[in-house]
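> A predicted structure for the sequence below; I have some questions about it.
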Amino acid sequence: MANISKIEKNSSYLKVLWSDGEESKFNYMWLRDNCSTAHDKDSRHRMFNILDVSPEINPKNFNVNKDGNLEIEWSEDNHKSLYESKWLRDNCYTLKNNKKYMSPYELWDCSLEKNLETVIISHKEIMETDKGLIKWLELLHHKGIAIIKDAPTSKKSALPVLNKISHTRETFFKTPFEVINIPKPNNSAYTAHALRNHMDLPWFENPPGYQFLHCLINSAKGGDSSAVDAFAVADYLRKNEKDVFDILVNTPLKFRDKDYTQEAIRSVYGTAISLTKDGDYNDIRYSIATLDILDCHPDLMEKSL
């Protein structure tokens, strides 16, 4: 582990030189806000109010103690802080932002159909071994898709495996949501029509993250399932149709629930593609079935269409 070899005081930050040659900058307000005494020892919630100090706060005295940790005596409030060198290194925003971001996502296309075994895992493996659970979680995180084989087929039998991850999220559709063909359907899922690839509930403020489809029995002909890596589609647009990509990232679309049985109409604006702070893909929000009437600026409408 790298140790603190030298500290230099600047106008608004301390510069820390490490024994392995790396360099860090720690802003004074950031340091004061992250003093260990700023947090409740039990809940670990921050209790310190940064408005209690001025923007001019700075270290009146500072040194590296015999244990190699940073000690600071502040210019205000007669306060002293101690920062473990390992904590400073682990939370150094200088080094974090200098490090090249590597996306965890493994984008895929139709060739995955010939290698489905790479995303298949057995129900027993998940339920009975930590290794199997980790494999499933990694498939969901890196590829966004997993197929569980040999699952039980009784009603609600999917819940125990889902709860290996977390609690299931309730919606007004109830959980689980049973997809069957009914007369006068209020949702296209209740029909025998083929559904085009889509995301569910885009008119929710927070649409579902992971969704799980559990096939109990299928007595009808057809009904083949298909999946698309929406991040791969976004990536293609980013590399080949940048103007289109920028529109989808920056233009909020309007989605609306048009269910005739509901008294309240649910409507929300959201971009088709949202990005993380690192510019990676965060979320895709799109369903042609529930896309409402576009109402963007006239100049943008011309570009969009």
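The structure has been received and is ready for your questions. Note that the structure is a prediction, hence the values are computed from the model and not measured.
> ok, and for the worst-scoring helix or strand of the chain on mean pLDDT, which residues are buried?
Least confident helix or strand of the chain, by mean pLDDT, DSSP states H and E, is helix 298-304 with a mean of 81. Buried residues in helix 298-304, counting neighbours by 16 or more other Cβ atoms under 10 Å, are absent. In short, each C-beta sits where N, CA and C put it, glycine included.
> elements contacting it?
helix 242-250 (3 or more Cβ pairs under 8 Å, 6 or more residues apart in numbering; DSSP states H and E).
> now the helix it packs on: how far from the chain's centre is it?
20 Å (Cα atoms, centre = their mean, to the nearest Å).
> got a list of contacts for the least confident helix or strand of the chain?
Asp243, Ile247, Thr251, Leu294, Cys296 (Cβ atoms under 8 Å, 6 or more residues apart in numbering).
> all helices of the stretch 1-150 of the chain, in order?
28-33, 85-90, 93-98, 123-128, 130-142 (DSSP state H, counting those that start in this stretch).
> tell me which of those lies nearest to Asn163.
helix 123-128 (10.6 Å; Cβ to Cβ).
> and stretch 87-97, what's buried?
Going by neighbour count (16+ other Cβ under 10 Å), the buried part of stretch 87-97 is Leu88, Arg89, Cys92, Thr94.
> quick one: Val268 and Phe204 touch, right?
Yes: contact criterion Cβ atoms under 8 Å: Val268 and Phe204 qualify, at 6.9 Å.
> among the two, which residue is more densely surrounded?
Neighbour count, other Cβ atoms under 10 Å: between Val268 and Phe204, Val268 has more, with 19 against 15.
> next, the more buried one: phi, psi?
Val268 adopts backbone torsions of phi -150, psi 150, taken as degrees, to the nearest 10.
> what strand or helix carries the residue nearest to it when sequence neighbours are not counted?
Sequence neighbours aside, Trp203 is the residue nearest to Val268 in space, at 5.1 Å (criterion: Cβ to Cβ, 6 or more residues apart in numbering). Assessed by DSSP states H and E, Trp203 sits outside every helix and strand.
> quick one, phi/psi of Gly209?
In terms of degrees, to the nearest 10, the main-chain angles of Gly209 are phi -80, psi -80.
> so how far is His198 from it?
16 Å (Cβ to Cβ, to the nearest Å).
> could you do Ser157 as well?
Counting by Cβ to Cβ - Ser157 and His198 are separated by 26 Å.
> one more: Ser43?
42 Å.
> so these two - more neighbours on which side?
Neighbours were counted for Ser43 and for His198 using other Cβ under 10 Å; His198 has more, 15 against 8.
> which non-adjacent residue is nearest that one?
That would be Ser287: by Cβ to Cβ, 6+ apart, it lies 3.9 Å from His198.
> and Thr168, by the same measure?
Distances taken as Cβ to Cβ, 6+ apart place Thr175 nearest to Thr168, at 5.2 Å, with adjacent residues excluded.
> quick check, that neighbour in a strand?
No: assigned with DSSP: H, G, I helix; E, B strand; the rest coil, Thr175 falls outside any strand and is coil.
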